[in-house]
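1. Just need the structure, nothing else, for what follows:
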Amino acid sequence: MFEQRKGSAACKRLFSYGNQNIKRLAILASSCLLLFLILRQFPLTSERASGLFASIDKCKSFPLGDLNCFSVTRNSSEAISNEKQEDVGKERKDVSVDVTKHEDVGEKRKDVSVDVAKYDSCHGKYIYMHNLPIQFNDYFIKNCKDMCCPFTFMCEYFSNLGLGSEIRNKKVLTKTGWFDTNQFALELIFHNRMKNYKCLTHNSSLASAIYVPFYAGLDIGRYLWNFNTSIRDTNTFQLIKWLRQQPEWKYMFGKDHFLVLGRISWDFVRHDDVDSAWGNKLMILPESKNMTFLSIESTAFTRNDFAIPYPTFFHPSRDKEVFDWQNRMRRLERKNLFCFAGAPRPESKDSVRGEIIEQCQASRANCKLLDCDWRPNSDCYNPAKIMKLFESSNFCLQPPGDSYTRKSTFDSIVAGCIPVFFHPGSAYIQYIWHLPKNYSKYSVYIPEYLVREKNVSIEKVLLGISEKEVSRMREEVVRLIPKVIYSNPASRLETVEDAFDKAVKGVVERVEKRRRESREGKDSSMDFPEGASWKYYLTGTTGKHEWDRFFYPAAAAETSSSMS
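-> Numbering: from 1, shown residues only. You can find the predicted model right below:
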């Protein structure tokens, strides 16, 4: 019945353009009959509806006598048969005569009528996923015993589609949805989520963006220490070579492609070919400059690099699990004013962690400390212990560690604990698709230089916030929970948009803007210096900013000089 109703609707639209010419109407009737027969033989999926109704809509601009317009029937049947082909290049060439007339993929998609959205809920949301050789992803999972990163045995974290082993602790957590998830597991989790994405298409000509499931973080994680640059760059160069050979690449030369990085972006921006230099060259190659990168921490100085949340311990399978957890976090009584889970960084002269630990220890009545040393049995490796600490605290301190950002930030948000940041690079300039730009709505900001110079008491700052304001901020944090979690890849949430959904939406909007500008001969990404990327994406300008001192040494020196 669904197919017949769709066919009937198409016929009505075709007849509406007709006149009283009996011969022409007879031809139309024959076309509709043929359309009915095709629809009965081949069910009308959302992808086929997109191409079908787009072609019918184009008939509006032709006189009734121009029967070339009605080649939709032939093209639709070709598209249906092509979906069964494994060869992507052949599929793209055969799917529609109209597609091959356009050199630019943006022009190709411009013909699709707005009316298509009425019939296709995925219109403008389709993602095509490259089927990469196993050396770029599955190899790392199958050979996890041989690719152990320093300090971490990864095999246990690859179970349950990358979520890790399941956690059961009814007192601290809920019955289901909790896993011991590694901070570097995002690539595997995102890939498995994409496999279950409702708008995933095998027809790349329909795709709004193209996903490259390369586990770049797992790849480079093996070689960051004691390996030469040639080894570190091997898979990167081979991936780029493979992508350039694909038919999808030639349409926008990678501007519609995106990758997800399970490590911070600094691991992929090596500029010097000396073995002492850190990381590989993945993000600085000419082809890479066209693509979009999603990472757990952006560099803040590149145009095509956007941060998305670290994976937390919470991966719900149903909407109800999310709502129940949010309500539970609203009702909790929190006995600690603030807490800190972490270890000092004595080797870093700029780190404020030592001072933060001292202040916490001096405020025992209001601060709870979880010392994260390197002992294998440390409570910091116990998700239930970490969540218990955050759930019992009003504020969670989140100073920079080895880099600007921390997984702990998102674990604390899931626990309904208000984050306290000391550096704008820890969240404010990073997660622009997931966190509010007005950071005072959900967090407290204490500049790290004030802490380092012992010019501020963290306890006094937090005690100075009224109970009403604390309640307001906590409610905002609880509302953020769905946006910073990745649901279980084995299921699909119905109404809740999680971090994956927000990331995909951000990519699609960015690619669509680039496609539109390409048609107009524009490129707004060149409107600002790459070194000011964080500033432009945050404020839309590149002028002086109060946070310049955190990112530019010269500005920091100038500020310190003026304050002395």
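
2. Could you use CA atoms for every contact and neighbour count after this?
-> Fine.

3. Name the residues of the biggest helix by length in the chain that are buried.
-> Under DSSP state H, the helix in the chain containing the largest number of residues is helix 499-520. Going by neighbour count (16 or more other CA atoms under 10 Å), the buried part of helix 499-520 is 499-501, 503-504, 506-508, 510-512, 514-516, 518.

4. thought Pro346 was touching Glu355?
-> No: counting by CA atoms under 8 Å, Pro346 does not reach Glu355; the two are 10.6 Å apart.

5. Have a look at the two and say which one is more surrounded.
-> Higher neighbour count among Pro346 and Glu355: Glu355, with 15 against 11, using other CA atoms under 10 Å.

6. Just give me the closest of the buried residues of helix 499-520 to Met526.
-> Met526 lies nearest to Arg514 out of the buried residues of helix 499-520, by CA to CA, at 11.6 Å.

7. circling back to that earlier point, just give me the least confident of the buried residues of helix 499-520.
-> Minimum pLDDT for the buried residues of helix 499-520 is recorded at Ser518 (88).

8. what bits of the stretch 251-400 of the chain have low per-residue confidence?
-> Applying pLDDT under 70 to the stretch 251-400 of the chain flags no residue at all.

9. would you list every one of the helices in it?
-> 319-331, 353-362, 383-391 (DSSP state H, counting those that start in this stretch).

10. The first one - contacts with which helices or strands?
-> Other elements packing on helix 319-331 under the criterion 3 or more CA pairs under 8 Å, 6 or more residues apart in numbering; DSSP states H and E are helix 467-480.

11. The helix it packs on to helix 319-331, inter-axis angle?
-> 170 degrees (axes from the mean of the first three to the mean of the last three CA atoms, to 10 degrees).

12. which other helices and strands contact helix 467-480?
-> helix 319-331, helix 407-414, strand 418-421.

13. backbone phi and psi for Ala209, please?
-> phi -150, psi 160 (degrees, to the nearest 10).

14. same deal with Gly164?
-> The phi/psi pair for Gly164 (degrees, to the nearest 10) is phi 90, psi -170.

15. Check Ile127 too.
-> According to degrees, to the nearest 10, Ile127 has phi -120, psi 130.

16. Surely it touches Ala207?
-> Yes: taking contacts as CA under 8 Å, Ile127 lies within contact range of Ala207: 5.0 Å.

17. Now list whatever residues contact both of those two.
-> Thr201 (CA atoms under 8 Å, 6 or more residues apart in numbering).

18. returning to what we had before: deepest in the core, which of the helices of the stretch 251-400 of the chain is it.
-> Highest mean neighbour count of these: helix 383-391, a mean of 21 (counted as mean count of other CA atoms under 10 Å).

19. ok now do Tyr442, which residues does it touch?
-> Tyr442 neighbours (CA under 8 Å, 6+ apart): Ile418, Pro419, Pro436, Met473, Arg474, Glu476, Val477.

20. pLDDT wise, what is it at?
-> pLDDT, Tyr442: 98.

21. The residue nearest to it when sequence neighbours are not counted and Glu467, how far apart?
-> Spatially, and ignoring its direct neighbours in sequence, Tyr442 is nearest to Met473 (5.0 Å; CA to CA, 6 or more residues apart in numbering). According to CA to CA, to the nearest Å, Met473 stands 10 Å off from Glu467.

22. check contacts around the residue nearest the centre of the chain.
-> Nearest residue to the geometric centre of the chain (CA atoms, centre = their mean): Ala503, 3.2 Å. Going by CA under 8 Å, 6+ apart, Ala503 touches Ile308, Trp433.

23. on that earlier part again, reformat the contacts of Tyr442 as JSON lines; add neighbour count, distance to Ile141 and pLDDT.
-> JSON lines is the format used below for the contacts of Tyr442 (neighbours: other CA atoms under 10 Å; distance: CA to CA, whole Å; pLDDT from 0 to 100):
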{"residue": "Ile418", "neighbour count": "30", "distance to Ile141": "36", "pLDDT": "99"}
{"residue": "Pro419", "neighbour count": "28", "distance to Ile141": "34", "pLDDT": "99"}
{"residue": "Pro436", "neighbour count": "14", "distance to Ile141": "35", "pLDDT": "97"}
{"residue": "Met473", "neighbour count": "22", "distance to Ile141": "40", "pLDDT": "98"}
{"residue": "Arg474", "neighbour count": "25", "distance to Ile141": "39", "pLDDT": "98"}
{"residue": "Glu476", "neighbour count": "18", "distance to Ile141": "38", "pLDDT": "98"}
{"residue": "Val477", "neighbour count": "25", "distance to Ile141": "35", "pLDDT": "99"}
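
24. from these, which single one is nearest Thr229?
-> The closest of those, once distances to Thr229 are taken by CA to CA, is Pro419, at 38.0 Å.

25. wait, isn't the closest one in contact with Pro399?
-> No: contact criterion CA under 8 Å: Pro419 and Pro399 do not qualify, at 9.8 Å.

26. what's the spacing between Glu509 and Asp523?
-> Distance, Glu509 to Asp523, using CA to CA: 15 Å.

27. Out of the helices and strands packed on helix 467-480, which is closest to Phe313?
-> helix 407-414 (7.0 Å).

28. Report the buried residues of the closest one.
-> Result for helix 407-414 [16+ other CA under 10 Å]: buried residues Lys407, Ser408, Thr409, Phe410, Asp411, Ser412, Ile413, Val414.

29. Backbone dihedrals for the closest residue to the first one other than its chain neighbours, please?
-> Pointing back at Lys407 there. Closest residue to Lys407 apart from its sequence neighbours, by CA to CA, 6+ apart: Tyr310 at 5.4 Å. The phi/psi pair for Tyr310 (degrees, to the nearest 10) reads phi -60, psi 150.

30. Touching, the residue nearest to Tyr442 and Ile418? I think so.
-> Yes: between Met473 and Ile418 a contact is recorded at 6.9 Å, counting by CA under 8 Å.

31. anything in contact with each of those two?
-> Jointly contacting Met473 and Ile418 under the rule CA under 8 Å, 6+ apart are Tyr442, Ser443.

32. how far away is Ile189 from Leu294?
-> Taken as CA to CA, the span from Ile189 to Leu294 is 13 Å.

33. got the helices and strands packed on helix 467-480 as JSON lines, with distance to Val461 columns?
-> Compiled in JSON lines, these are given as follows (distance: least, CA to CA, whole Å):
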{"stretch": "helix 319-331", "distance to Val461": "23"}
{"stretch": "helix 407-414", "distance to Val461": "19"}
{"stretch": "strand 418-421", "distance to Val461": "11"}
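
34. Looking at these, which is nearest to Gly342?
-> helix 407-414 (9.1 Å).

35. Does anything pack onto the closest one? Which helices or strands?
-> Packing partners of helix 407-414 (3+ CA pairs under 8 Å, 6+ apart): helix 383-391, strand 393-398, strand 418-421, helix 467-480.

36. Quick one: closest of the ones you listed to Lys335.
-> With CA to CA as the measure, strand 393-398 is the member of those nearest Lys335 (6.2 Å).

37. Just the CA atoms of the closest one, as CSV, please.
-> The C-alpha trace of strand 393-398 is given here as CSV (Å, rounded to 0.1, in the frame of the first residue of the first chain):
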residue,chain,number,x,y,z
SER,A,393,30.3,17.4,44.8
ASN,A,394,28.8,20.8,43.7
PHE,A,395,31.9,21.8,41.7
CYS,A,396,34.5,19.7,39.9
LEU,A,397,37.9,21.3,39.3
GLN,A,398,39.2,20.8,35.7
